[in-house]
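Colleague: missing the sequence, but the structure's below:
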Ligand SMILES: [Zn+2]
(Lines give C-alpha, C1' and ligand atoms only; values in the text may rest on other atoms or scores of the structure.)
Protein backbone atom coordinates (compact mmCIF):
# COMPACT_ATOMS: atom_id res chain seq x y z
CA UNK A 1 0.00 0.00 0.00
CA UNK A 2 1.24 3.48 -0.82
CA UNK A 3 0.99 5.19 2.53
CA UNK A 4 3.82 7.74 2.59
CA UNK A 5 4.39 11.17 1.03
CA UNK A 6 7.77 12.87 1.21
CA UNK A 7 8.26 16.63 1.40
CA UNK A 8 11.60 18.42 0.94
CA UNK A 9 12.26 22.12 1.45
CA UNK A 10 15.65 23.01 0.02
CA UNK A 11 16.98 26.26 1.44
CA UNK A 12 20.31 28.04 1.09
CA UNK A 13 21.18 27.12 4.71
CA UNK A 14 19.09 24.08 5.59
CA UNK A 15 17.38 21.12 3.97
CA UNK A 16 14.11 20.52 5.80
CA UNK A 17 12.67 17.09 5.09
CA UNK A 18 9.78 14.96 6.31
CA UNK A 19 7.82 11.84 5.60
CA UNK A 20 4.06 12.27 5.98
CA UNK A 21 1.11 9.95 6.21
CA UNK A 22 -1.58 10.19 3.52
CA UNK A 23 -3.32 12.66 5.89
CA UNK A 24 -0.12 14.81 6.05
CA UNK A 25 0.77 13.97 9.63
CA UNK A 26 4.54 14.18 10.03
CA UNK A 27 6.00 10.74 10.80
CA UNK A 28 9.69 11.70 10.55
CA UNK A 29 11.18 15.19 10.31
CA UNK A 30 14.77 16.17 9.69
CA UNK A 31 16.81 19.35 9.37
CA UNK A 32 20.24 19.08 7.77
CA UNK A 33 22.71 21.76 6.74
CA UNK A 34 22.60 22.31 2.96
CA UNK A 35 26.34 22.85 2.45
CA UNK A 36 25.43 24.71 -0.74
CA UNK A 37 29.06 25.64 -1.45
CA UNK A 38 29.83 21.97 -2.19
CA UNK A 39 27.82 22.23 -5.44
CA UNK A 40 24.56 20.88 -6.83
CA UNK A 41 25.56 17.22 -7.20
CA UNK A 42 26.68 17.08 -3.59
CA UNK A 43 23.45 18.70 -2.41
CA UNK A 44 21.23 16.38 -4.49
CA UNK A 45 23.16 13.31 -3.28
CA UNK A 46 22.66 14.53 0.26
CA UNK A 47 18.90 14.80 -0.28
CA UNK A 48 18.87 11.23 -1.65
CA UNK A 49 20.69 9.99 1.46
CA UNK A 50 18.30 11.86 3.76
CA UNK A 51 15.29 10.27 2.03
CA UNK A 52 16.84 6.80 2.23
CA UNK A 53 17.57 7.34 5.95
CA UNK A 54 14.05 8.59 6.71
CA UNK A 55 12.47 5.60 4.96
CA UNK A 56 14.81 3.24 6.85
CA UNK A 57 13.73 4.87 10.11
CA UNK A 58 10.12 4.01 9.27
CA UNK A 59 11.07 0.58 8.02
CA UNK A 60 9.38 1.61 4.78
CA UNK A 61 10.06 0.35 1.27
CA UNK A 62 10.18 2.67 -1.74
CA UNK A 63 7.11 0.85 -3.07
CA UNK A 64 5.14 2.23 -0.12
CA UNK A 65 5.86 5.84 -1.10
CA UNK A 66 3.16 7.60 -3.07
CA UNK A 67 5.34 10.48 -4.23
CA UNK A 68 7.85 13.16 -3.24
CA UNK A 69 7.45 16.93 -3.60
CA UNK A 70 10.40 19.33 -3.45
CA UNK A 71 10.55 23.09 -3.00
CA UNK A 72 13.58 24.57 -4.79
CA UNK A 73 14.64 28.22 -4.70
CA UNK A 74 15.03 30.10 -7.96
CA UNK A 75 13.67 29.82 -11.47
CA UNK A 76 12.52 26.43 -12.61
CA UNK A 77 10.27 24.49 -14.94
CA UNK A 78 7.93 22.45 -12.73
CA UNK A 79 6.45 20.53 -15.67
CA UNK A 80 9.88 19.23 -16.75
CA UNK A 81 11.44 19.01 -13.30
CA UNK A 82 14.23 21.30 -14.38
CA UNK A 83 15.86 23.97 -12.21
CA UNK A 84 17.23 26.76 -14.40
CA UNK A 85 18.99 28.82 -11.82
CA UNK A 86 19.09 29.07 -8.06
CA UNK A 87 20.41 32.05 -6.10
CA UNK A 88 22.95 31.26 -3.36
CA UNK A 89 23.88 27.98 -5.07
CA UNK A 90 27.15 28.20 -7.01
CA UNK A 91 27.27 26.41 -10.39
CA UNK A 92 23.59 25.69 -10.18
CA UNK A 93 22.43 25.87 -13.78
CA UNK A 94 19.96 23.71 -15.73
CA UNK A 95 19.87 20.94 -13.15
CA UNK A 96 17.42 18.12 -13.96
CA UNK A 97 16.37 17.54 -10.37
CA UNK A 98 13.55 15.10 -11.10
CA UNK A 99 15.71 13.03 -13.48
CA UNK A 100 18.47 12.98 -10.87
CA UNK A 101 16.08 11.75 -8.15
CA UNK A 102 14.52 9.22 -10.48
CA UNK A 103 17.92 7.51 -10.81
CA UNK A 104 17.48 6.11 -7.30
CA UNK A 105 13.77 6.42 -6.50
CA UNK A 106 10.96 4.51 -8.16
CA UNK A 107 8.17 6.80 -6.87
CA UNK A 108 7.19 9.98 -8.77
CA UNK A 109 9.04 13.19 -7.89
CA UNK A 110 7.76 16.75 -8.49
CA UNK A 111 9.48 20.09 -7.98
CA UNK A 112 8.17 23.61 -7.55
CA UNK A 113 9.54 26.97 -6.51
CA UNK A 114 10.15 27.17 -2.73
CA UNK A 115 7.90 30.20 -2.26
CA UNK A 116 5.02 28.33 -3.87
CA UNK A 117 5.59 25.22 -1.74
CA UNK A 118 5.48 27.55 1.29
CA UNK A 119 2.25 28.96 -0.13
CA UNK A 120 0.75 25.47 -0.46
CA UNK A 121 1.72 24.78 3.17
CA UNK A 122 0.18 27.93 4.63
CA UNK A 123 -2.85 27.68 2.34
CA UNK A 124 -3.76 24.08 3.15
CA UNK A 125 -2.52 23.72 6.73
CA UNK A 126 -1.73 27.18 8.14
CA UNK A 127 -2.88 30.79 8.16
CA UNK A 128 -4.68 30.48 4.82
CA UNK A 129 -6.65 27.29 5.46
CA UNK A 130 -10.04 27.47 3.77
CA UNK A 131 -9.35 30.75 1.94
CA UNK A 132 -10.08 30.89 -1.80
CA UNK A 133 -8.07 34.00 -2.72
CA UNK A 134 -4.81 34.74 -0.96
CA UNK A 135 -1.26 35.92 -1.35
CA UNK A 136 1.80 34.81 0.57
CA UNK A 137 4.81 37.08 0.87
CA UNK A 138 8.04 35.64 2.25
CA UNK A 139 10.24 38.30 3.77
CA UNK A 140 13.67 36.86 4.22
CA UNK A 141 17.00 37.67 2.66
CA UNK A 142 14.86 38.64 -0.35
CA UNK A 143 11.15 39.06 -1.01
CA UNK A 144 9.16 36.27 -2.65
CA UNK A 145 5.47 35.81 -3.23
CA UNK A 146 2.86 33.39 -4.46
CA UNK A 147 -0.80 33.82 -5.27
CA UNK A 148 -3.90 31.66 -4.97
CA UNK A 149 -6.88 32.80 -7.03
CA UNK A 150 -10.25 31.10 -7.12
CA UNK A 151 -8.78 28.13 -5.32
CA UNK A 152 -5.77 27.53 -7.57
CA UNK A 153 -2.14 28.61 -7.36
CA UNK A 154 -1.14 30.94 -10.20
CA UNK A 155 1.80 29.82 -12.34
CA UNK A 156 1.67 31.89 -15.52
CA UNK A 157 3.32 31.27 -18.88
CA UNK A 158 6.79 30.54 -17.49
CA UNK A 159 5.82 29.55 -13.91
CA UNK A 160 7.12 32.91 -12.70
CA UNK A 161 3.82 34.59 -11.75
CA UNK A 162 3.65 36.54 -8.49
CA UNK A 163 7.08 38.16 -8.43
CA UNK A 164 5.96 41.13 -6.35
CA UNK A 165 9.57 41.52 -5.20
CA UNK A 166 10.44 42.95 -8.60
CA UNK A 167 7.66 45.53 -8.62
CA UNK A 168 9.30 48.84 -9.47
CA UNK A 169 8.96 51.30 -6.58
CA UNK A 170 11.52 53.86 -7.80
CA UNK A 171 12.23 54.54 -11.48
CA UNK A 172 15.94 54.49 -10.75
CA UNK A 173 16.69 52.93 -7.41
CA UNK A 174 18.96 50.27 -6.01
CA UNK A 175 20.14 47.89 -8.72
CA UNK A 176 18.52 44.46 -8.64
CA UNK A 177 19.79 41.06 -9.75
CA UNK A 178 16.84 40.85 -12.17
CA UNK A 179 18.48 43.53 -14.33
CA UNK A 180 16.12 46.32 -13.31
CA UNK A 181 16.45 48.72 -10.40
CA UNK A 182 14.28 50.15 -7.65
CA UNK A 183 12.56 46.76 -7.07
CA UNK A 184 10.44 46.34 -3.92
CA UNK A 185 12.54 43.42 -2.69
CA UNK A 186 15.65 45.59 -2.66
CA UNK A 187 14.01 47.62 0.14
CA UNK A 188 11.48 45.33 1.81
CA UNK A 189 13.60 42.37 2.91
CA UNK A 190 16.14 41.76 5.65
CA UNK A 191 18.96 42.81 3.31
CA UNK A 192 16.99 45.82 2.07
CA UNK A 193 16.14 47.14 5.51
CA UNK A 194 19.73 46.73 6.69
CA UNK A 195 20.85 48.67 3.61
CA UNK A 196 18.42 51.52 4.33
CA UNK A 197 19.68 51.66 7.89
CA UNK A 198 23.30 51.62 6.74
CA UNK A 199 22.64 54.50 4.35
CA UNK A 200 21.19 56.59 7.17
CA UNK A 201 24.20 55.91 9.38
CA UNK A 202 26.47 56.95 6.50
CA UNK A 203 24.50 60.21 6.32
CA UNK A 204 25.64 60.87 9.89
CA UNK A 205 22.59 59.63 11.80
CA UNK A 206 23.21 57.80 15.03
CA UNK A 207 21.65 54.75 16.64
CA UNK A 208 22.18 52.46 19.61
CA UNK A 209 23.07 49.63 17.20
CA UNK A 210 26.41 51.34 16.55
CA UNK A 211 27.62 50.06 19.93
CA UNK A 212 26.44 46.54 19.18
CA UNK A 213 28.13 46.19 15.79
CA UNK A 214 31.57 47.07 17.08
CA UNK A 215 32.15 49.63 14.33
CA UNK A 216 31.65 46.98 11.62
CA UNK A 217 28.61 47.75 9.51
CA UNK A 218 28.64 44.21 8.07
CA UNK A 219 27.65 42.95 11.54
CA UNK A 220 24.31 44.75 11.34
CA UNK A 221 21.24 42.48 11.08
CA UNK A 222 17.49 43.03 10.67
CA UNK A 223 17.03 41.47 14.11
CA UNK A 224 19.26 44.17 15.67
CA UNK A 225 17.10 46.84 14.06
CA UNK A 226 14.02 45.13 15.46
CA UNK A 227 15.60 44.97 18.95
CA UNK A 228 16.60 48.65 18.72
CA UNK A 229 13.02 49.47 17.70
CA UNK A 230 11.78 47.80 20.90
CA UNK A 231 14.31 49.79 22.93
CA UNK A 232 12.91 53.03 21.47
CA UNK A 233 15.79 53.84 19.12
CA UNK A 234 14.71 56.75 16.88
CA UNK A 235 16.46 55.61 13.71
CA UNK A 236 15.27 52.00 14.08
CA UNK A 237 11.67 53.19 14.49
CA UNK A 238 12.02 55.43 11.43
CA UNK A 239 13.53 52.73 9.19
CA UNK A 240 11.09 50.04 10.32
CA UNK A 241 8.21 52.43 9.70
CA UNK A 242 9.46 53.36 6.21
CA UNK A 243 10.05 49.72 5.30
CA UNK A 244 6.53 48.86 6.46
CA UNK A 245 5.11 51.75 4.45
CA UNK A 246 6.90 50.63 1.30
CA UNK A 247 5.57 47.12 1.87
CA UNK A 248 2.14 48.75 2.14
CA UNK A 249 2.52 50.55 -1.20
CA UNK A 250 3.56 47.29 -2.87
CA UNK A 251 0.66 45.46 -1.26
CA UNK A 252 -1.81 48.19 -2.24
CA UNK A 253 -1.00 47.56 -5.91
CA UNK A 254 -1.04 43.79 -5.50
CA UNK A 255 -4.40 43.95 -3.67
CA UNK A 256 -5.85 46.13 -6.43
CA UNK A 257 -4.64 43.63 -9.02
CA UNK A 258 -5.57 40.33 -7.38
CA UNK A 259 -8.29 41.17 -4.85
CA UNK A 260 -7.17 38.61 -2.22
CA UNK A 261 -9.18 37.97 0.95
CA UNK A 262 -6.01 37.32 2.89
CA UNK A 263 -2.35 38.33 2.72
CA UNK A 264 -0.01 36.07 4.70
CA UNK A 265 3.40 37.44 5.61
CA UNK A 266 5.98 34.72 6.21
CA UNK A 267 9.76 34.31 6.17
CA UNK A 268 12.32 35.16 8.85
CA UNK A 269 11.63 38.88 8.81
CA UNK A 270 7.92 38.35 9.52
CA UNK A 271 9.11 38.01 13.15
CA UNK A 272 9.06 41.83 13.11
CA UNK A 273 5.25 41.39 13.12
CA UNK A 274 3.28 44.51 13.98
CA UNK A 275 6.43 46.66 14.01
CA UNK A 276 6.29 46.31 10.24
CA UNK A 277 2.68 45.40 9.50
CA UNK A 278 1.01 48.29 11.31
CA UNK A 279 2.57 50.79 8.86
CA UNK A 280 1.82 48.48 5.91
CA UNK A 281 -1.87 48.18 6.83
CA UNK A 282 -2.19 51.94 7.22
CA UNK A 283 -0.94 52.49 3.65
CA UNK A 284 -3.08 49.65 2.25
CA UNK A 285 -6.18 51.21 3.83
CA UNK A 286 -5.36 54.64 2.41
CA UNK A 287 -4.04 53.66 -1.00
CA UNK A 288 -5.84 50.61 -2.36
CA UNK A 289 -9.40 50.41 -3.62
CA UNK A 290 -11.70 50.61 -0.63
CA UNK A 291 -13.82 47.63 -1.61
CA UNK A 292 -10.69 45.48 -2.05
CA UNK A 293 -8.86 46.59 1.09
CA UNK A 294 -11.96 46.19 3.27
CA UNK A 295 -12.24 42.56 2.16
CA UNK A 296 -8.56 41.82 2.83
CA UNK A 297 -6.86 40.87 6.09
CA UNK A 298 -3.07 40.95 6.54
CA UNK A 299 -1.67 38.36 8.96
CA UNK A 300 1.61 36.63 9.76
CA UNK A 301 2.25 33.01 8.75
CA UNK A 302 1.52 30.17 11.20
CA UNK A 303 3.69 27.22 10.22
CA UNK A 304 7.11 28.91 10.31
CA UNK A 305 9.85 26.62 9.01
CA UNK A 306 7.42 23.72 8.48
CA UNK A 307 5.33 25.32 5.73
CA UNK A 308 7.78 24.49 2.94
CA UNK A 309 8.09 20.75 3.51
CA UNK A 310 4.44 20.01 4.20
CA UNK A 311 3.53 22.27 1.26
CA UNK A 312 5.97 20.38 -0.97
CA UNK A 313 4.38 17.07 0.06
CA UNK A 314 0.92 18.45 -0.63
CA UNK A 315 2.07 19.80 -4.00
CA UNK A 316 3.61 16.44 -4.99
CA UNK A 317 0.42 14.67 -4.04
CA UNK A 318 -1.66 17.19 -6.01
CA UNK A 319 0.49 16.80 -9.11
CA UNK A 320 0.20 13.04 -8.88
CA UNK A 321 -3.60 13.09 -8.60
CA UNK A 322 -3.92 15.76 -11.28
CA UNK A 323 -5.58 18.25 -8.87
CA UNK A 324 -2.63 20.58 -9.38
CA UNK A 325 -1.58 21.37 -12.93
CA UNK A 326 1.38 23.58 -13.76
ZN1 LIG B 1 14.28 43.08 -9.52
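Modeller: Cool, got the structure. Model, not experiment: these values are computed from the prediction.
Colleague: show me what contacts the residue located most distally from the centre of the chain?
Modeller: Most distant from the centre of the chain: residue 204, at 34.4 Å, with distances by Cα atoms, centre = their mean. By Cβ atoms under 8 Å, 6 or more residues apart in numbering, residue 204 lies in contact with nothing. (C-beta placed from N, C-alpha, C; glycine too.)
Colleague: Is it part of a helix or strand, or is it coil?
Modeller: coil (DSSP: H, G, I helix; E, B strand; the rest coil).
Colleague: show me where the stretch 51-200 of the chain has strands.
Modeller: Remark: strands assigned in the stretch 51-200 of the chain by DSSP state E, counting those that start in this stretch are 65-72, 75-77, 82-85, 93-96, 109-113, 134-139, 143-149, 152-153.
Colleague: residue ranges with poor pLDDT in the stretch 101-250 of the chain?
Modeller: In the prediction, the stretch 101-250 of the chain carries no residues with pLDDT under 70.
Colleague: what does it have sitting close to the ion?
Modeller: Within the stretch 101-250 of the chain, the positions near the ion by Cβ under 5 Å from the ion are 166, 176, 178, 180, 183.
Colleague: residues in contact with the residue nearest to the first one when sequence neighbours are not counted?
Modeller: It refers to residue 166. The shortest distance from residue 166 to any non-neighbouring residue, by Cβ to Cβ, 6 or more residues apart in numbering, is to residue 183 (4.6 Å). With contacts defined as Cβ under 8 Å, 6+ apart, residue 183 is in contact with 165-169, 173-174, 176.
Colleague: Turn these into CSV, columns for neighbour count.
Modeller: Converted to CSV, the contacts of residue 183 look like this (neighbours: other Cβ atoms under 10 Å):
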residue, neighbour count
165, 24
166, 19
167, 20
168, 13
169, 18
173, 15
174, 16
176, 17
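Colleague: Determine the longest helix present in the chain.
Modeller: helix 234-258 (DSSP state H).
Colleague: Could you pull out the buried residues of that one?
Modeller: Residues of helix 234-258 classed as buried by neighbour count (16 or more other Cβ atoms under 10 Å): 235-255, 258.
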